[in-house]
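Q: Following is a predicted model, sequence given first.
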Amino acid sequence: MKTKDIMERLRAKYPGESEYLQAVQEVLESIEDVYNQHPEFEQAKIVERMVEPDRIFTFRVTWVDDKGEVQTNTGYRIQFNSAIGPYKGGLRFHRAVTPSMLKFLGFEQTFKNALTTLPMGGAKGGSDFDPKGKTDAEIMRFCQAFMLELWQCIGPDQDIPAGDVGVGGREIGFLYGTYKKLAREYNTGVLTGKGSTWGGSILRPEATGFGALYFTQNLLHHAGKDIKGCKVAVSGFGNVAWGACIKALELGAKVVAISGPDGVCAIPDGITKEMIDYMLVMRASNRDRVEDMATKFPGKAIFTPGKKAWSIPCDIALPCAFQNELSEDDAKELKANGCWCCCEVSNMGCQPGAIHFFQHNGILFAPGKAVNAGGVATSGLEMTQNAEHISWSGKEVDEKLHFIMKSIHEQCVKFGTQPDGSVDYVKGANIAGFMKVAQAMLEQGIV
Ligand code: 2IT
């Protein structure tokens with residue numbers, strides 16, 4: 001297998017699908033050497049099969065806004081790979097959603113899910129629906145219209161969606177309510193991220209951020225460092241950033257920045273519990289503005305329009321917002337300001353040039369598919385609880401999440417340790433995830 005040849009073919013076949021091509025290129029570059037030591041992979045054309053989704057559903061979603069006007073969006077569900085379990089992955093509602101974006105996310109999800117130690121295949125879905133400025137009633141009508149098509153594609157043993165950007169507990173509630181009516185099937189395990197009174201797992205809302213901090217702790221420990229007292233810059237203010245801030249504060253770090261599409265809020269004295277709670281209000285408002293934090297906490301949060309979190313001096317950078325949100329120039333600015341570690345929490349949050357810069361300038365770096373896997377892992381734990389008709393305590397879920405993040409870190413170390421003793425976490429995560437999926441595909445024959 002030659003990455004160059006495969007990429008050339010994919011570029012010709014899917015011109016313009018830049019996010020998808022970027023995600024595939026990163027994985028193929030990492031696994032090329034290992035792959036070529038296994039002639040049985042080449043014979044079964046594992047890579048050629050793995051880069052293509054199993055199937056893509058595309059559907060029209062029509063709904064009526066509060067003014068009585070008819071609105072039309074496009075909905076998607078991409079079932080990427082089912083080698084190690086039923087399709088699993090979130091739904092993204094964002095105006096920029098395209099098939100390319102969801103293909104990149106579904107591809108990444110396949111390897112991430114393989115790292116979790118749980119039996120879940122990879123999927124992703126969503127819509128170009130823009131939640132910004134929408135009322136609760138509009139969100140509900142959109143979710144209902146979306147599920148009118150999606151319900152036929154999913155099921156607790158086939159495909160289990162969850163949240164992602166623009167889809168949280170409120171949306172999952174509306175989606176499940178409609179699923180139940182249409183399917184006449186009352187197994188709550190068809191979606192994860194549910195409310196805690198109807199099958200949702202304790203700690204699922206916090207899990208992506210908590211897991212990311214547990215992973216960061218493992219990484220720092222391996223490098224002989226400690227998070228206590230570190231200054232942390234977080235991008236975004238959504239569900240993932242929220243969970244990361246809670247745990248960072250709990251572990252004795254100081255969160256000195258959060259950000260949004262409108263700019264950055266510097267928080268020189270460190271984020272407080274009250275500010276973290278206010279992030280939930282900001283998310284629920286659908287205004288998509290971080291400036292609201294500075295308005296609510298004058299003098300404590302200082303807003304600068306048009307700037308990113310990476311302009312605020314920190315020890316550790318935690319991208320928690322969107323793909324490609326951290327460029328090579330941002331990486332250089334971070335280093336110039338003293339940053340020495342970046343744990344990517346958003347999916348593909350760092351541009352290839354930024355990753356390259358981190359890795360060649362002694363900055364500890366770990367990729368999203370390892371760092372953020374605690375979210376989907378806890379979705380897997382929610383599925384187990386639903387299947388057993390029980391619910392675990394917060395302590396039980398947290399212990400399992402700790403174990404899973406430790407295990408993901410160990411897999412990265414196993415497959416990513418370099419001759420000089422340093423760990424290439426990109427290689428480690430990609431090879432570990434790939435080997436598991438490839439082995440399963442091989443054993444299941446040419447299908
Ligand atoms: O990117 C992700 O891993 C998620 N959005 C969570 C997916 C899930 O099924 O919990």
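A: Nice, I can see it.
Q: I'd like to know how far the spatially most central residue of the chain sits from the ligand.
A: With distances taken as CA atoms, centre = their mean, the residue of the chain nearest its centroid is residue 347 (4.5 Å). Residue 347 sits 5 Å away from the ligand when distances are taken as CB to the nearest ligand atom, to the nearest Å. Any C-beta I mention is one placed from the backbone N, CA and C, and that applies to glycine too.
Q: Spatially, and excluding backbone neighbours, which residue is closest to that residue.
A: Spatial nearest neighbour of residue 347, excluding adjacent residues (CB to CB, 6 or more residues apart in numbering): residue 368 at 4.8 Å.
Q: And the pLDDT for that neighbour?
A: Residue 368 is assigned 98 on the pLDDT scale.
Q: burial measure for it, as a count.
A: 22 (other CB atoms under 10 Å).
Q: what does the one 10 residues further on give?
A: Residue 378 has 30 neighbours, counted by other CB under 10 Å.
Q: Also residue 177?
A: 14.
Q: just residue 54 next, same as before
A: Counted with other CB under 10 Å, residue 54 comes out at 17.
Q: Let me see the backbone angles for the residue nearest to it when sequence neighbours are not counted.
A: Spatial nearest neighbour of residue 54, excluding adjacent residues (CB to CB, 6+ apart): residue 79 at 4.9 Å. When read as degrees, to the nearest 10, the backbone of residue 79 gives phi -90, psi 110.
Q: how about the strands of this structure, start to end?
A: 55-64, 70-81, 87-93, 121-127, 159-162, 231-234, 254-260, 263-266, 302-305, 316-318, 341-343, 364-366 (DSSP state E).
Q: can those go into a markdown table with extra columns for distance to the ligand and mean neighbour count?
A: Formatted as a markdown table, the strands of the chain follow (distance: least, CB to the nearest ligand atom, whole Å; neighbours: other CB atoms under 10 Å):
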| stretch | distance to the ligand | mean neighbour count |
| --- | --- | --- |
| strand 55-64 | 17 | 15 |
| strand 70-81 | 12 | 21 |
| strand 87-93 | 3 | 28 |
| strand 121-127 | 8 | 29 |
| strand 159-162 | 3 | 25 |
| strand 231-234 | 17 | 27 |
| strand 254-260 | 19 | 25 |
| strand 263-266 | 24 | 23 |
| strand 302-305 | 28 | 16 |
| strand 316-318 | 15 | 30 |
| strand 341-343 | 15 | 27 |
| strand 364-366 | 15 | 25 |
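Q: Out of the ones you listed, flag the one nearest residue 396.
A: Set against residue 396 and scored by CB to CB, the strands of the chain come closest in strand 159-162, at 20.0 Å.
Q: Where do the helices of the stretch 101-250 of the chain begin and end?
A: Shown for the stretch 101-250 of the chain, the helices assigned by DSSP state H, counting those that start in this stretch span residues 136-150, 169-183, 204-222, 239-250.
Q: Among the ones you listed, which comes closest to the ligand?
A: Among these, the nearest to the ligand by CB to the nearest ligand atom is helix 204-222 (6.9 Å).
Q: Quick one, which of the strands of the chain gets closest to residue 434.
A: Nearest of those (CB to CB): strand 70-81, 11.1 Å.
Q: and residue 426, what pLDDT?
A: The model's pLDDT for residue 426 equals 98.
Q: ignore the last one, residue 336
A: So residue 336 comes in at 98 (pLDDT).
Q: same deal with residue 257?
A: 98.
Q: ok, what's across the strand from it?
A: residue 233, residue 266 (DSSP bridges).
Q: now it: how far from residue 351?
A: Distance from residue 257 to residue 351, counting by CB to CB, to the nearest Å: 19 Å.
Q: Would you mind measuring from the residue of the stretch 251-400 of the chain found nearest the ligand to residue 364?
A: Nearest residue of the stretch 251-400 of the chain to the ligand: residue 379, at 3.3 Å (CB to the nearest ligand atom). In this view, residue 379 and residue 364 are 27 Å apart by CB to CB.
Q: For the stretch 151-300 of the chain, which residues are neighbours of the ligand?
A: 162, 164, 192 (CB under 6 Å from any ligand atom).
Q: With pLDDT as extra columns, can I get the residues you listed in a markdown table?
A: Below are those laid out as a markdown table (pLDDT from 0 to 100):
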| residue | pLDDT |
| --- | --- |
| 162 | 98 |
| 164 | 98 |
| 192 | 98 |
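Q: so which of those residues comes closest to residue 133?
A: residue 164 (19.6 Å).
Q: what's the burial count for that closest one?
A: Count around residue 164 with other CB under 10 Å applied: 27.
Q: my read: it touches residue 92, true?
A: Yes - judged on CB atoms under 8 Å, residue 164 makes contact with residue 92 at a distance of 4.1 Å.
Q: Overlap of the contact sets of those two?
A: 105, 124, 126 (CB atoms under 8 Å, 6 or more residues apart in numbering).
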